[in-house]
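Asks: For reference, the sequence and a predicted model appear below.
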Amino acid sequence: MGRKRMEEWIQEESKHLVDSLSSTKSTPCDPTFFLSRAVSNVICALVFGHRFDYQDDSFLHLLKTFSVAVRFGSSPWGQPYNVFPRLMEFLPGKQHSIFAGLDNLRVFVKERIQKHKDTLCHECPRDFIDCYLIRQNKERIAPRVSLITTTW
């Protein structure tokens, strides 16, 4: 998982972006959704090791969940949650559906991590998850001594 592979993922995604924009046949459109799908796919390729099709239901759900959570967090309704997170759990509001969506997102990521654990090759990391799992295994074998772990 080196710089060359990352460049290939970005180039591949840029081709998909151009194809997607070409499909609009020069009609006026808002490029925001096209660009967010392309950028998100590059991030997914780095983290998960593959890109998603632009029409993939799980990918679209992932984008929608992130979009809703970011909008909520930056809205006036999201600010009290940042100040009183425990209190907001007991009050009615949108936060419950948003956090249910984030829980689904956690399940999605955990499933991907488990698939990576099952097919992990220590000599040839494919993506960020593989690098993380390899590092995690090394830390288990030879834990680092740090100021925090020795003090507390």
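Replies: Received, thanks.

Asks: Show me the shaky parts of this protein.
Replies: 1-2, 142-152 (pLDDT under 70).

Asks: now the helices: where do they sit in it?
Replies: Ranges of helices in the chain, per DSSP state H, are 3-22, 32-48, 57-73, 79-83, 85-88, 95-118, 128-141, 147-151.

Asks: separation between the residue positioned nearest the centre of the chain and A69?
Replies: What sits nearest the mean C-alpha location of the chain, by CA atoms, centre = their mean, is C44, with 6.1 Å. From C44 across to A69, the span is 17 Å (CB to CB, to the nearest Å). Quick note: C-beta positions are derived from backbone N, CA and C, even for glycine.

Asks: And for L105?
Replies: Applying CB to CB to L105 and A69 gives a distance of 9 Å.

Asks: Same check on N137?
Replies: For N137, the distance to A69 equals 31 Å [CB to CB].

Asks: So which of these two has more stuff around it?
Replies: Neighbour comparison, N137 and A69: the larger count goes to A69, with 17 against 12 (by other CB atoms under 10 Å).

Asks: I'd guessed the more buried one sits against Q95; true?
Replies: No: the pair A69 / Q95 is not scored as a contact, 9.8 Å apart, by CB atoms under 8 Å.

Asks: With adjacent residues omitted, what lies nearest to F72?
Replies: G78 (4.6 Å; CB to CB, 6 or more residues apart in numbering).

Asks: same question, F59
Replies: Nearest residue to F59 in three dimensions, chain neighbours excluded: F52, at 3.6 Å (CB to CB, 6+ apart).

Asks: Tell me which residues touch that neighbour, please.
Replies: Contact partners of F52, counting by CB atoms under 8 Å, 6 or more residues apart in numbering, are 41, 44, 58-59, 62.

Asks: and those, which are buried?
Replies: Among the contacts of F52, those classed as buried by 16 or more other CB atoms under 10 Å are 41, 44, 59, 62.

Asks: and the third one, what is it in contact with?
Replies: If a contact means CB under 8 Å, 6+ apart, then F59 has 37, 40-41, 44, 52-53 as its contacts.
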